[in-house]
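Colleague: need a 3D model of the following:
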Amino acid sequence: MSILTDQPAIQFYTANMMNDIRGRDGVLFQKYGALCLETGAYNDAVNHPGFPSSILRRGKTYSHTTEHRFDIV
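Modeller: Below is the predicted model:
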């Protein structure tokens, strides 16, 4: 798997709080049974002058591009 993005960071989440939660078709989700890779700005960017700005000003449009590639080797 490759992730290509125009964003400076990737946040990694795990399913730490998902313990015995029922999903669609009765599937039981367990703790650590999933992950999420979310592209975006640095989490604390507003407090670090050297980081790219994450502030969206009134009248401006926000968009970014992320591409997930899955290859079979």
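
Colleague: tell me which residues in stretch 49-59 are buried?
Modeller: By neighbour count on 16 or more other CB atoms under 10 Å, the buried set for stretch 49-59 is residue 54. Backbone N, C-alpha and C define where each C-beta goes, glycine included.

Colleague: what sits up against that stretch?
Modeller: Stretch 49-59 is contacted from outside by 8, 40-42, 44-46, 62, using CB atoms under 8 Å, 6 or more residues apart in numbering.

Colleague: mind doing that once more with 7 Å?
Modeller: Contact with stretch 49-59 is made by 8, 41-42, 45-46, 62, as judged by CB atoms under 7 Å, 6 or more residues apart in numbering.

Colleague: show me the helices in the chain, by range?
Modeller: Ranges of helices in the chain, per DSSP state H: none exist.

Colleague: now do the contacts for residue 20.
Modeller: 28, 30.

Colleague: hmm, I was thinking of residue 14
Modeller: Residue 14 touches 32, 35, counting by CB under 7 Å, 6+ apart.

Colleague: save the contacts of stretch 49-59 as TSV, and put in pLDDT and distance to residue 72 too.
Modeller: Shown next, in TSV, are the contacts of stretch 49-59 (pLDDT from 0 to 100; distance: CB to CB, whole Å):
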residue	pLDDT	distance to residue 72
8	93	29
41	92	32
42	92	33
45	91	36
46	91	41
62	93	34
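
Colleague: do a quick rundown of the strands in this protein.
Modeller: For the chain, the strands defined by DSSP state E cover 2-5, 9-14, 21-22, 28-29, 35-40, 66-69.

Colleague: the third one - what's its average pLDDT?
Modeller: Yep, that's strand 21-22 we're talking about. Strand 21-22 carries an average pLDDT of 87.
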